[in-house]
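Asks: Predicted model follows, preceded by the sequence.
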2 protein chains.
Amino acid sequence: MREVAVIGIGQTKVQENWDKSLRDLAGEAVLAALEDSNFTQIEGVFVGNMMSASANHQQHLGAYISDWVGTRFIQAIRLESACSSGASAFRAAVMAVASGAINSAIAVGVEKMSDSPINEITNSLATAADADWEVTQGLSFVAINALIMQRYLHEYHWKHSDFANFSINSHKNAMNNPFARFHMLITQEQYAKSGMVADPINLLDASPTGDGAAAAVLVPVENLNTSGNRNIITVAGSAAATDTISVQNRKDPLWLKAAEISSKKAYSQAAIQPQNVDFFEYHDAFTIMAALSLEACGFAERGLGPKLAVDGEIRLEGKIPTATMGGLKARGHPVGATGMYQIIELVEQLRGQSGENQISGARIGMAQNIGGSGSNIITHVLRTL
Amino acid sequence: MREVAVIGIGQTKVQENWDKSLRDLAGEAVLAALEDSNFTQIEGVFVGNMMSASANHQQHLGAYISDWVGTRFIQAIRLESACSSGASAFRAAVMAVASGAINSAIAVGVEKMSDSPINEITNSLATAADADWEVTQGLSFVAINALIMQRYLHEYHWKHSDFANFSINSHKNAMNNPFARFHMLITQEQYAKSGMVADPINLLDASPTGDGAAAAVLVPVENLNTSGNRNIITVAGSAAATDTISVQNRKDPLWLKAAEISSKKAYSQAAIQPQNVDFFEYHDAFTIMAALSLEACGFAERGLGPKLAVDGEIRLEGKIPTATMGGLKARGHPVGATGMYQIIELVEQLRGQSGENQISGARIGMAQNIGGSGSNIITHVLRTL
């Protein structure tokens, strides 16, 4: 397998985009990535999207987007793994280029949620859970996460307020990200007073929906002139693993086994340990997922994920900076696009283009995208050449 | 890239399955394929499905099916390219094994359409077309094909009744396929009297919906003991290409350019010419698509696809036998599963297991799965070792 480089990135601002269609958003991100890469000979298009069937009455996004951006007649396909569809698209593109099957690819994640009534979005999100054994029992997607968080608070004796630190960090970091949905600091007091969504998850534990697209251009490193080029970012690890789709079927509902498996594989591919990771774009769809990810990936002992947040170690200057451009919580979570936003943020940091949020000397970054309630988890490690 | 073999196949009967869920169907096909392969160490699961989001309120089928069949904790993903989702899943599995990324894979196509009201199925099928520029103009999926057929009859002066021969052939071949939806011969008279769906497409030009699943187990040939084993079927060609998603944007709406591109690539990979293909599982969702495929793949001159049907050359004993187990028209078209049924039928013929429909001495078979109105076409060539 060949080493793969990301040579171009593009993204749109996460927001309610009333004047842009699904295809406009995807096109904007792809064309920005192509311009950034100064490369046009694309041989494959890999699209991550979760809910365009219901939200936009449009599927077949491989052909649809390839047609729109002017890369017709090549291979193009959509990948779906619920909220980790973005990372699945990136991973498929990486594998296609690494294998030698093609010499270049675009990966793009896109989601356009605003056009749908919120109850339809809630129903669509629930298609990530088990229709027969979770959803028809009355569980929405946030309710499943609430049950996990309830159990976590009970087992490990954390106060709900301790989780505020995850969201405060994400909102702080989003202040300097022009593509983020929210540009507002939040406080412990606001968190404490925030409206309940599904006990104990309140509004400030939960990431917002949004419309957005993010894209990357990939080529094999062997095709690049690497001498003296500090701007080449390579994919050092790419791994995916599933778990049971229903949380109830897991022996331990407080352990993201698929995160453990996929991160260990990615560490092994990159020949690193968790302590070598300079920053971590985790999947803070809900604060509880941030805590569980830190534990399963080896950044914290079991039950001690929140301690990293309470101690400030997840901040930009901490031991393991997370959500460096706002994370799902404040950059926003256009579900099928999120995994690609994470990749774009890794590349920015590794290129030294993250402005006031730049992690000094960042050489190795990790992104983890979670589909369902931990049922399909994809981990990527990127590094400077 | 390593040579890949199909070592196990499984399928369910295409029908209205009121007593089996999406997961039951997929599980039945996968477990049958595993049993057929006498192999259990699966490293990746690739699922083809088009419409479970709307028809079954369930997405995330990679994790969902992997969980159900007992292959948890490995990589699993759903691929979607509308009606060619099945072939996309097979192709992704082939590429993953060929590249060396994994040493074994399951590809499974599944669709469960009967639970949904037919108007919802019609809407779901239309997500394969352009929501903004085709569907909102009032075009259903069959209507788009009807416009193409109308134009074809006008340009090439065929009579509508000439197309009956495609459907008569498919229904005849399905008689000996226990997994086919229809077991009834049809006649020119029945075709002539058949109810109009969208002029000129009548009921007997159109394939039926249905519930079904088909699966295959893939491993690299290098891991097999090949000496004296006549049962090893290899993937000699795998190629995909897109075209514009809207038919109106094509310079020539009567030419399946994506079929031409992907078949030429597959021929080149397999080092063959069209005349070396012993039989062809084409995508006869509508009879017009059968004609266009024969032309674009080089089996007939432009405008002369129907001649092969009229002359009987598509029959089992003809020059290029097609739809040897009933095709989409009579085996049935559970959309996201269809591409996998085609693969299973190739393997059966090449193994010599097609009973009364066996093509004598078949060594090279081709399957072509069409997504949308020709907008994402995937071609596979399989052969005996």
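Replies: Yes, it's here.
Asks: Need the three-state assignment for A:V97.
Replies: helix (DSSP: H, G, I helix; E, B strand; the rest coil).
Asks: Can you report how many residues neighbour it?
Replies: Residues lying near A:V97 (other CB atoms under 10 Å in any protein chain shown) number 27. Any C-beta I mention is one placed from the backbone N, CA and C, and that applies to glycine too.
Asks: Pull the contacting residues for it.
Replies: For A:V97, the contact set (CB atoms under 8 Å, 6 or more residues apart in numbering or on different chains) comprises A:2, A:4, A:44, A:103-105, A:218-220.
Asks: what's the most distant pair in these?
Replies: Of all pairs drawn from the contacts of A:V97, the one with the longest distance (CB to CB) is A:R2 and A:G44, at 14.4 Å.
Asks: what about these two, which has more around it?
Replies: A:G44 (24 against 15).
Asks: Provide the backbone phi and psi angles at A:F286.
Replies: Phi and psi for A:F286, reported as degrees, to the nearest 10, are phi -140, psi 150.
Asks: Just give the nearest non-adjacent residue to it, would you?
Replies: Nearest non-adjacent residue to A:F286, counting by CB to CB, 6 or more residues apart in numbering or on different chains: A:N145, 4.6 Å away.
Asks: now do A:H380
Replies: Counting by CB to CB, 6+ apart, the nearest residue to A:H380 once its immediate chain neighbours are dropped is A:A367, at 4.9 Å.
Asks: need the contact list for that neighbour.
Replies: Per CB under 8 Å, 6+ apart, neighbours of A:A367: A:87, A:280-281, A:339, A:342-343, A:345-346, A:379-380, A:382.
Asks: Same question for A:A216.
Replies: A:6, A:8-10, A:33, A:90, A:93, A:106-108, A:340, A:343-344, A:347.
Asks: Of those, which is the nearest to A:A76?
Replies: Nearest to A:A76 among those, with distances taken as CB to CB, is A:I106, at 8.9 Å.
Asks: Secondary structure of the closest one: a strand, I assume?
Replies: Yes: A:I106 sits within a strand when classified using three-state DSSP.
Asks: packing partners for the host helix or strand of A:A290?
Replies: Counting by DSSP states H and E, the element that carries A:A290 is helix A:287-296. Applying 3 or more CB pairs under 8 Å, 6 or more residues apart in numbering or on different chains; DSSP states H and E, we find helix A:287-296 packed against helix A:141-156, helix A:164-174, helix A:257-270, helix A:305-310, strand A:364-371.
Asks: Disregarding flanking residues, what is the spatial nearest neighbour of the closest residue to chain B within the stretch 1-150 of chain A?
Replies: Here the stretch 1-150 of chain A gets closest to chain B at one residue, A:S99, 3.1 Å apart by CB to the nearest CB. Of all residues not flanking A:S99 in the chain, B:S99 sits nearest, at 3.1 Å (CB to CB, 6+ apart).
Asks: ok, the one you found touching A:A92?
Replies: No: B:S99 is not in contact with A:A92 according to CB atoms under 8 Å; the separation is 11.5 Å.
Asks: between those two, which one's more packed in?
Replies: Each of B:S99 and A:A92 has its neighbours counted (other CB under 10 Å); A:A92 has more, 26 against 20.
Asks: Test my guess that that one contacts A:A76.
Replies: No: in this structure, A:A92 is not within contact of A:A76 by CB under 8 Å, at 11.1 Å.
Asks: any common contacting residues for these two?
Replies: Joint contacts of A:A92 and A:A76 (CB under 8 Å, 6+ apart) are A:F46.
Asks: picking up where we left off before, of the contacts of A:V97, which is the most crowded?
Replies: In terms of neighbours by other CB under 10 Å, the contacts of A:V97 top out with A:L218 at 29 neighbours.
Asks: now the host helix or strand of that one: how far from the chain's centre is it?
Replies: Secondary structure assignment for A:L218, by DSSP H and E: strand A:212-220. Mean-position distance between strand A:212-220 and its chain equals 14 Å (CA atoms, centre = their mean, to the nearest Å).
Asks: pLDDT of that strand, averaged?
Replies: Strand A:212-220 carries an average pLDDT of 98.
Asks: now do stretch A:368-376
Replies: Mean predicted lDDT for stretch A:368-376 stands at 97.
Asks: Tell me if that stretch is near chain B.
Replies: Yes: on the criterion CB under 8 Å from any CB of the partner chain, stretch A:368-376 is in touch with chain B at A:371-372, A:375-376.
Asks: Export those as a markdown table, with columns for neighbour count and distance to A:K307.
Replies: Listed next are the residues of stretch A:368-376 next to chain B as a markdown table, based on neighbours: other CB atoms under 10 Å in any protein chain shown; distance: CB to CB, whole Å:
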| residue | neighbour count | distance to A:K307 |
| --- | --- | --- |
| A:G371 | 34 | 27 |
| A:G372 | 31 | 26 |
| A:S375 | 33 | 26 |
| A:N376 | 34 | 28 |
